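Peer 1: from the sequence below, what's the structure:
(one chain, ligands or ions: 2)
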Amino acid sequence: MNLKYLDLLAQKYDSEEKVATEIINLEAILNLPKGTEHFVSDLHGEYNAFQHVLRNGSGNVKVKIRDLFKDELAEKELNEFATLVYYPEEKLQLIKSHFTSKRELHEWYIEIIERMLKLVSYAASKYTRSKLRKALPKHFVYIIEELLYKTDEFTNKKEYYAKMVDQVIALGQADKLIVGLAYTIQRLTVDHLHVVGDIYDRGPDPHKIMDTLIDYHSVDVQWGNHDVLWLGAFSGSKVCLANIIRICARYNNLDIIEDVYGINLRPLLNLAESYYEDNPAFHPKRITGENLTEQEQLQITKIHQAISIIQFKLESPIIKRRSCFDMEDRLLLEKVDYEKNEVTIHGKTYPLVNTCFATIDPEQPDKLLDEEQQVIDKLLFSIQHSEKLARHMNFLMKKGGLYLQYNGNLLIHGCIPLEENGDMKKMEIEGKNYAGRELLDVFEQYLRHAFAHPEETDDFATDMAWYQWTGENSSLFGKREMTTFERYFIEEKETHKERKNPYYHLREDEDMCRKMLAEFDLNPEHGRIINGHTPVKEIDGENPIKANGKMIVIDGGFSKAYQSTTGIAGYTLLYNSFGMQLVAHQLFTSKEEVLSDGTDVLSIKRLVDEELERKKVRETNIGSQLQQEIANLNSLRKHRYMD
Ligand SMILES: O=P(O)(O)OC[C@H]1O[C@](O)(COP(=O)(O)O)[C@@H](O)[C@@H]1O
Ligand SMILES: [Mn+2]
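Peer 2: Numbering: from 1, shown residues only. Ligands and ions are numbered 1, 2, ... in the order given. Down below sits the predicted model:
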């Protein structure tokens with residue numbers, strides 16, 4: 001043991017008693033049941049649905065309420081109470097509006113505060129007091145602790161407590177206390193949140209999800225391809241930037257760019273107005289049925305075309321300067337016959353429809369017009385100077401990564417690129433071959449490098465950020481090619497198909513999953529791979545639990561655009577000391593409906609596994625850290641206080 005380190009430790013633990021107390025404390029924590037992990041993925045800007053799942057802990061809050069109160073409350077009351085815990089501010093207003101006298105309200109307060117305290121105490125039973133204290137509303141810590149630690153045997157104190165609650169009510173603090181307790185319950189129900197990628201794109205409110213995550217007590221993110229697209233744009237990749245704007249236009253979400261992140265779209269609009277007309281292939285999708293005037297729709301359609309063409313032009317020089325990307329097939333602008341209006345792909349010629357090539361010079365199809373160049377340069381400048389985006393992207397970098405080993409499981413958004421025979425797929429990067437975990441580590445290093453150097457826009461690291469979005473060997477994309485061009489301009493559906501990496505059928509095989517776990521230094525006996533990215537088509541009977549439970553795919557379609565394919569509204573996963581449970585969520589309509597009907601969106605639980613013995617903190621990542629701390633403290637004790 002390093003003596004300098006012991007000196008430092010001795011400053012904090014300057015007596016034998018202090019060392020001993022800390023060891024006892026840590027040992028006790030190791031023996032507590034492990035905290036509940038909550039996994040979500042593919043949120044795609046669906047803030048309201050995400051909030052709901054977060055607030056009800058994927059049904060976990062309801063389970064606890066039922067455990068405690070099923071004998072004393074009717075179903076309707078259980079639901080009402082649960083709703084109060086999920087949305088305390090709104091539900092309080094609703095409930096209070098039904099009382100006609102102060103007295104009634106007073107009695108209700110007493111009952112509810114008592115019920116909430118019971119629930120807090122139950123939800124906190126597997127945590128230390130110090131952890132509970134951190135979860136309590138700051139202003140009420142003293143009062144709540146007094147109230148919590150009353151025990152029924154000491155009824156002589158009863159009056160003291162009754163008085164305390166009376167005072168809280170009389171001083172007009174009851175609402176605040178109830179709201180605080182509700183959030184404490186939510187927080188205690190989930191110890192740690194994993195977001196397995198794709199926060200951004202398609203839905204309207206990714207920024208609100210980011211704000212929620214930034215404030216969340218304990219969270220990590222495994223980047224999705226859509227998140228990396230935003231990171232890439234912020235890191236200086238113009239082609240990533242063109243993509244994010246294109247997707248926002250396609251889903252009628254340009255206000256995320258304009259209003260939320262404060263990017264001026266005027267120059268792009270001017271360009272769009274000069275060169276583009278109406279075009280059905282570029283009409284914005286209308287998922288939520290919001291109303292657009294014809295004029296608005298036309299404007300978005302024009303912007304959508306302008307930015308798509310800029311995107312296609314920007315792809316070309318990158319493909320040409322990066323032969324290791326192996327993307328020459330995607331030089332589609334050069335494969336177009338502009339006279340005949342057709343394109344030849346993989347040796348087959350197809351007529352083009354809905355083209356909008358007014359800014360394309362057939363001699364040099366990838367050349368940006370000066371106006372286009374100026375537009376994209378200005379956009380890049382503003383996006384890199386958006387304070388809000390900087391905050392969100394910094395958070396993604398700090399809490400995120402391409403994959404994560406956590407409590408024995410491997411969390412990864414897309415895939416581990418494989419060959420058909422199950423070998424890890426190799427990629428040559430700057431003269432060296434990488435595969436499997438090493439490949440992902442290199443990808444991540446480049447991403448971090450690009451992010452650290454936002455002023456570089458055409459270097460290898462920045463181009464690699466785009467490769468993560470669309471390259472064949474990207475662990476986030478997992479497909480041979482992205483057929484965006486074909487889907488806009490070619491009618492033949494065969495050209496739209498995006499061939500998936502063999503991973504997506506090999507992952508059904510248990511041995512293959514074991515091999516991948518081992519590749520990431522995880523124990524194949526106990527570990528599992530948790531995946532997002534590909535919507536599980538429950539509607540067609542697809543099972544999210546694959547390879548005998550070694551592989552769990554939790555993309556169930558939070559994204560409204562994909563719900564008709566999946567048939568449900570998303571999966572989430574819970575992992576507590578008893579094992580793992582997969583929760584399938586039914587359609588979430590609105591918070592208002594939950595508030596007024598009191599019914600929760602039904603969640604079906606499927607037991608993935610039941611641990612034979614309750615898992616303890618000792619067996620977790622945090623447990624290993626604590627054991628290391630104990631070892632250090634023991635050395636300190638030996639060297640300083642026993643010799
Ligand atoms: O349906 P959209 O929004 O046009 O997006 C289709 C594109 O999205 C992708 O599926 C990637 O997004 P996901 O990560 O959500 O699957 C591409 O493979 C595909 O080309
Ligand atoms: Mn994805």
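Peer 1: how about the residues of the stretch 451-600 of the chain by ligand 1?
Peer 2: Counting by Cβ under 6 Å from any ligand atom, the positions of the stretch 451-600 of the chain adjacent to ligand 1 are 479, 482, 484, 498, 533. Backbone N, C-alpha and C define where each C-beta goes, glycine included.
Peer 1: could you do the chain as well?
Peer 2: 198, 202, 225, 226, 479, 482, 484, 498, 533.
Peer 1: of those residues, which is the most crowded?
Peer 2: Using other Cβ atoms under 10 Å as the neighbour criterion, residue 198 leads the residues of the chain next to ligand 1 with 29 neighbours.
Peer 1: contacting residues for the residue of the stretch 401-550 of the chain found nearest ligand 1?
Peer 2: Across the stretch 401-550 of the chain, the shortest distance to ligand 1 (Cβ to the nearest ligand atom) belongs to residue 482, at 4.5 Å. Residues near residue 482 by Cβ atoms under 8 Å, 6 or more residues apart in numbering: 469, 470, 498.
Peer 1: which stretches in the stretch 501-643 of the chain count as strands?
Peer 2: Per DSSP state E, counting those that start in this stretch, the stretch 501-643 of the chain carries strands over the ranges 529-531, 545-546, 551-553, 571-576, 579-585, 603-610.
Peer 1: reformat those as a markdown table; add mean neighbour count and mean pLDDT.
Peer 2: A markdown table is the format used below for those (neighbours: other Cβ atoms under 10 Å; pLDDT from 0 to 100):
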| stretch | mean neighbour count | mean pLDDT |
| --- | --- | --- |
| strand 529-531 | 26 | 97 |
| strand 545-546 | 20 | 93 |
| strand 551-553 | 24 | 95 |
| strand 571-576 | 26 | 90 |
| strand 579-585 | 21 | 87 |
| strand 603-610 | 14 | 68 |
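Peer 1: ok, which of these comes nearest ligand 2?
Peer 2: Among those, strand 529-531 comes nearest to ligand 2, with 10.1 Å by Cβ to the ion.
Peer 1: got the contact list for the closest one?
Peer 2: Counting by Cβ under 8 Å, 6+ apart, 39, 41, 194, 196, 409-415, 507, 513, 516-517, 550-555, 573 sit against strand 529-531.
Peer 1: separate out the buried members of the residues you listed.
Peer 2: Among the contacts of strand 529-531, those scoring as buried are 39, 41, 194, 196, 409-415, 507, 513, 516-517, 550-555, 573 (criterion: 16 or more other Cβ atoms under 10 Å).
Peer 1: pLDDT below threshold where in this protein?
Peer 2: Along the chain, segments meeting pLDDT under 70 span 1, 150-157, 287-290, 565-568, 598-605, 610-612, 643.
Peer 1: which helices and strands does the helix or strand where residue 392 lies pack with?
Peer 2: Secondary structure from DSSP states H and E places residue 392 in helix 387-399. In terms of contacts (3 or more Cβ pairs under 8 Å, 6 or more residues apart in numbering; DSSP states H and E), helix 387-399 is packed against helix 206-215, strand 219-222, helix 225-234, helix 436-452.
Peer 1: off-centre distance for that helix?
Peer 2: Distance, stretch centre to chain centre, for helix 387-399: 14 Å (Cα atoms, centre = their mean, to the nearest Å).
Peer 1: which of the residues of the stretch 451-600 of the chain next to ligand 1 lies closest to residue 178?
Peer 2: When those are ranked by distance to residue 178 (Cβ to Cβ), residue 533 comes first, at 39.7 Å.
Peer 1: for the closest one, phi and psi?
Peer 2: Phi and psi for residue 533, reported as degrees, to the nearest 10, are phi 80, psi -50.
Peer 1: list the contacts of it.
Peer 2: By Cβ under 8 Å, 6+ apart, the contact list for residue 533 reads 41, 42, 197, 198, 224, 225, 413, 414, 415, 476, 478, 555.
Peer 1: which ones are touching the closest residue to it other than its chain neighbours?
Peer 2: What sits nearest to residue 533 in space, not counting adjacent residues and going by Cβ to Cβ, 6 or more residues apart in numbering, is residue 414, at 4.6 Å. Counting by Cβ under 8 Å, 6+ apart, residue 414 makes contact with 197, 224, 225, 474, 475, 476, 477, 478, 531, 532, 533.
Peer 1: gap between the closest residue to the second one other than its chain neighbours and residue 220?
Peer 2: With Cβ to Cβ, 6+ apart as the measure, residue 197 is the residue that lies nearest to residue 224, at 2.8 Å, once sequence neighbours are left out. Residue 197 sits 11 Å away from residue 220, going by Cβ to Cβ, to the nearest Å.
Peer 1: could you do residue 169 as well?
Peer 2: Going from residue 169 to residue 220 by Cβ to Cβ gives 41 Å.
Peer 1: what about the residue of the stretch 251-400 of the chain found nearest ligand 2, neighbour count?
Peer 2: Here the stretch 251-400 of the chain gets closest to ligand 2 at one residue, residue 400, 14.0 Å apart by Cβ to the ion. Close neighbours of residue 400, defined as other Cβ under 10 Å, add up to 23.
Peer 1: so it is in contact with residue 219, correct?
Peer 2: No: contact between residue 400 and residue 219 fails when scored by Cβ atoms under 8 Å: they sit 9.8 Å apart.
Peer 1: show the contacting residues for residue 351.
Peer 2: Neighbours of residue 351 in contact, by Cβ under 8 Å, 6+ apart: 341, 342, 490, 491.
Peer 1: what about residue 197 and residue 220, which has more around it?
Peer 2: Higher neighbour count among residue 197 and residue 220: residue 197, with 30 against 17, using other Cβ under 10 Å.
Peer 1: before we move on, back to that, tell me the helix or strand right after the helix holding residue 392.
Peer 2: Scanning forward in sequence from helix 387-399 by DSSP H and E, the next helix or strand is strand 400-401.
Peer 1: starting at the chain centroid, how far to that next one?
Peer 2: Taking the mean of its C-alpha atoms, strand 400-401 sits 11 Å from the chain's own mean (Cα atoms, centre = their mean).
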